[in-house]
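Chemist: Here is the input, now give the coordinates:
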Amino acid sequence: MAHFIVRVLKSLAALVVAYFVLFLVLILLLAGLAAAFQPKAAPLEEDSILVMDLGFELTDRPRDPDPLALLFSAFEGKFQESASLRDVVETIEEAGKDNRIHGLLLQGNLLPGSSFAAMREVRRAIRTLAQKKPVYAHIDGDNLRDLYLKSAAGEVISDPHASADFRGLRAERLYLGEAFQRLGVEVQVEAFEDFKTAAEAFKKGTMSEEEAIQLRALLEDLWTVLIEDMGESRGIEPDELDALAGNQLIVHGEEIPGSGLADRALPRDELVSYLAEQAAYDSERESFRQVAFMDYLQQPTSGLPDVDLSSEKSEIAILYVEGAIIEGESDELTTGAETLIRDLREARLDSDVKAIVLRVNSPGGSATAAMKIAREIRLANAAKPVVASMGGMAASAGYLLAVACDQVYAEPSTITGSIGVIIMLPNVAGLAERLSLNFEEVETHPFAGAFSLARSKTPEEMDRIRSLASQFYDAFLELVAEQREMSRETVREHARGRVWSGRSALERGLVDSMGGLFGALGRAGDLAGIGNDFRIREWPERRSLEEQIEQFLMSADFFPRRKRLSDGAIGQAWRDFEDEIKRLSVVDDPQGAYLMLPYSLKIR
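Modeler: Have a look, this model is predicted:
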């Protein structure tokens, strides 16, 4: 027995030592990774072309570096770069002032997920740069999003064998209702009103007429914005671009310059020679003299400098509403009420902060959480100007937060509105029965089990649930009517859960102005009486990679995130299924009431 205990103790000791060594190795790896990813001031020569490869993730909210993701990317030799909208726009502006930068080259393909609203603001910055310096774009296997952004260039050059996918817009939604029925899962719904179709995918197997109406109107508005912007910069009538989309499956080869999407076609080697003639030749690279956009962004002399706390300038705070709105704390994919309320209060009470910009990119979420946040926004409004900047999506609870602000800015392609309420009540009793699972219950009062997953709701329970949803809807209508200075009846005409484009929302008085994040910042400065004499402070403040590593080591979260399937038809279908299920995973409202976008919109 003694020998057995000794062996066990030796094994435990060896295990502890092994884990300790592994821990030290991990610390050394992460420390080395931190050093490797620190911005280095690489020498930048005169007449360099700033090369923007579009294969990075464009986000609204700045992303803190993820040490674990970087570690596994390092092992795989693949790095997924990301940059915030503000970083990208200010870096383009910096390039316009930098005498060492000859011009800008746009190449590569955008990653899925970048909103047209964010791209439009980047596109605006590129158009401004093109008035000062040469801006080139290279087309080679591009889709509509790539073509939209690259059309801002002063000179667009395609490869002789390139393809351009310019087939128009398509919105797609996965319907799970019939599959749920076969599995024995029921979803009972109370919605205000007929266009509030958030639960449609879980309850039905086909698209409703209301859903089809609002989707078609939304796509038509977005398409009009796209072809007007592209037509203006390319010198093509929008009707011609519309006809091109209707007549061509794929625009290929010499058809691309012929269609007006490019100025001419050049093979890659001739393009390199042409750019070297325009700027300068780099004998070491045997190419044109260049600097990568992401490297230039990270240099101390470009992009975003750290906030200088010793500066006497007034501040404008940017607070981000990103992803679903939930109770509790925020994370990378959601906005938690507790986190945002705390940040709003801190910005409101900070005397250096003269105004607040709320950047909203959210499909909505918990009605209770949104109402709590809206109260804090209105308290901030009473103390200093608060301006909303809508990103790609500011719908339902996202719109509720925006409309609580003094002024509301949107891009024409912003998806917004959806003034309505929905209560979704899943019931898995049928599934449990098929799995030979049995729910038993003991209750003290008739409505104690009203939100149970184990049974259907009774008619009496549904009456009271509808009354609850009606109260949330009335509060939503009253807030919009008060903030937008409309009658309740007028608001209801534009509500009913219907989604609008930013352009249509402006026509209906639901927003104040067209413009992006920087337009909202300018307006906030004017309202605060400080003009353009301010510095920007983002809430929460960005953390360095070292700080992220420290938090990571303290969290004991050492499990790698599951990789998603690669692009392709099967991978895309699986991601659609994942996205719909994830929408159920964030339904944490204590009363089951949600202000959510009617669908997880896929525009391709």
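Chemist: what bits of the stretch 201-350 of the chain have low per-residue confidence?
Modeler: Along the stretch 201-350 of the chain, segments meeting pLDDT under 70 span 300-312.
Chemist: If we use 80, what do you get?
Modeler: Within the stretch 201-350 of the chain, the segments meeting pLDDT under 80 span 299-312.
Chemist: My read is that Ser208 contacts Glu200, right?
Modeler: Yes: if you go by CB atoms under 8 Å, Ser208 and Glu200 touch, sitting 5.9 Å apart. To be clear about C-beta, it is placed using only N, CA and C from the backbone, and glycine gets the same treatment.
Chemist: neighbour-wise, which of the two wins?
Modeler: Taking other CB atoms under 10 Å, Ser208 and Glu200 do not tie; Glu200 has more neighbours (24 against 14).
Chemist: Looking at Ser163 now. What's its pLDDT?
Modeler: pLDDT for Ser163: 95.
Chemist: Count the residues that sit near it.
Modeler: 18.
Chemist: Check the gap between it and Asp269 for me.
Modeler: 19 Å (CB to CB, to the nearest Å).
Chemist: try Met462
Modeler: 69 Å.
Chemist: So the two - more neighbours on which side?
Modeler: Met462 (17 against 9).
Chemist: now for the helix or strand harbouring the more buried one, which elements pack on it?
Modeler: Under the criterion of DSSP states H and E, Met462 resides in helix 459-484. Applying 3 or more CB pairs under 8 Å, 6 or more residues apart in numbering; DSSP states H and E, one finds that helix 459-484 makes contact with strand 186-192, helix 367-383, helix 397-403, strand 421-427, helix 488-494, strand 593-596.
Chemist: Return the set of buried residues in stretch 481-496.
Modeler: Neighbour-count burial for stretch 481-496, with 16 or more other CB atoms under 10 Å as criterion, is recorded at Ala481, Gln483, Arg484, Met486, Val491, Arg492, His494, Ala495, Arg496.
Chemist: Can you tell me the SS state at Thr197?
Modeler: Of the three states, Thr197 takes coil under DSSP: H, G, I helix; E, B strand; the rest coil.
Chemist: Pull the number of nearby residues for it.
Modeler: Neighbours of Thr197 (other CB under 10 Å): 28.
Chemist: tell me the secondary structure for the nearest residue to Arg61 once chain neighbours are set aside?
Modeler: Spatially, and ignoring its direct neighbours in sequence, Arg61 is nearest to Tyr320 (3.9 Å; CB to CB, 6 or more residues apart in numbering). Recorded secondary structure, Tyr320: strand (three-state DSSP).
Chemist: residue contacts, Tyr320?
Modeler: Residues near Tyr320 by CB atoms under 8 Å, 6 or more residues apart in numbering: Asp60, Arg61, Thr335, Arg359, Asn361, Glu538, Trp539.
Chemist: How about Gly497?
Modeler: Gly497 neighbours (CB under 8 Å, 6+ apart): Ala191, Phe192, Glu193, Asp194, Phe195, Lys196, Thr197, Ser418, Ile419, Gly420, Ile422, Pro598.
Chemist: List the residues that contact Gln188.
Modeler: Met424, Leu425, Pro426, Asn427, Ser456, Lys457, Met462.
Chemist: Could you check how far it is from Thr368?
Modeler: Gln188 is 19 Å from Thr368, by CB to CB.
Chemist: hey, C-alpha coordinates of stretch 263-273 in CSV?
Modeler: The C-alpha coordinates for stretch 263-273 follow below in CSV (Å, rounded to 0.1, in the frame of the first residue of the first chain):
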residue,chain,number,x,y,z
ASP,A,263,-10.4,51.8,-67.4
ARG,A,264,-8.2,49.2,-69.0
ALA,A,265,-6.8,45.7,-68.7
LEU,A,266,-3.1,45.0,-67.9
PRO,A,267,-1.4,41.7,-66.9
ARG,A,268,0.1,41.7,-63.4
ASP,A,269,3.7,42.2,-64.6
GLU,A,270,2.7,45.2,-66.8
LEU,A,271,0.7,46.7,-63.9
VAL,A,272,3.8,46.4,-61.6
SER,A,273,5.9,48.1,-64.3
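Chemist: Any idea how far that stretch is from the middle of the chain?
Modeler: Distance, stretch centre to chain centre, for stretch 263-273: 34 Å (CA atoms, centre = their mean, to the nearest Å).
Chemist: And for that stretch, what's in contact with it?
Modeler: 138, 140, 155-160, 162, 253-254, 256-257, 274, 287-288.
Chemist: 6 Å - rerun?
Modeler: Glu155, Val156, Ile157, Ser158, Pro160, Pro257, Ser287 (CB atoms under 6 Å, 6 or more residues apart in numbering).
Chemist: count of neighbours near the residue lying closest to Asn438 once chain neighbours are set aside?
Modeler: In this structure, Asn438 finds its nearest non-sequential neighbour in Ala432, 7.0 Å apart by CB to CB, 6+ apart. Neighbours of Ala432 under the rule other CB under 10 Å: 17.
Chemist: Same check on Phe447?
Modeler: Count around Phe447 with other CB under 10 Å applied: 13.
Chemist: re the thing from before, farthest-apart pair in the contacts of Gly497, please.
Modeler: Greatest spatial distance among the contacts of Gly497 (CB to CB): Thr197 and Ile419, at 13.5 Å.
Chemist: For Leu104, pull up the helix or strand it's in.
Modeler: Going by DSSP H and E, Leu104 is in strand 101-107.
Chemist: Actually, Leu215.
Modeler: helix 209-234.
Chemist: Quick one: distance of that helix to the chain centre.
Modeler: 20 Å.
Chemist: just checking, what packs against that helix?
Modeler: helix 238-247, strand 499-501 (3 or more CB pairs under 6 Å, 6 or more residues apart in numbering; DSSP states H and E).
Chemist: among those, which is the most enclosed?
Modeler: Ranked by mean neighbour count, the helices and strands packed on helix 209-234 are led by strand 499-501 with a mean of 26 (mean count of other CB atoms under 10 Å).
Chemist: That one - contacts with which helices or strands?
Modeler: helix 209-234, strand 415-417.
Chemist: For the first one, buried residues please.
Modeler: Judged by neighbour count using 16+ other CB under 10 Å, the buried positions of helix 209-234 are 210-211, 214-215, 218-219, 221-227, 229-231, 233-234.
Chemist: Switch the contacts of Gln188 over to TSV; also include pLDDT and distance to Glu329.
Modeler: Below are these laid out as TSV (pLDDT from 0 to 100; distance: CB to CB, whole Å):
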residue	pLDDT	distance to Glu329
Met424	85	23
Leu425	88	26
Pro426	89	25
Asn427	89	29
Ser456	90	34
Lys457	90	31
Met462	90	33
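Chemist: And those, which of them are buried?
Modeler: Met424, Leu425, Pro426, Asn427, Lys457, Met462.
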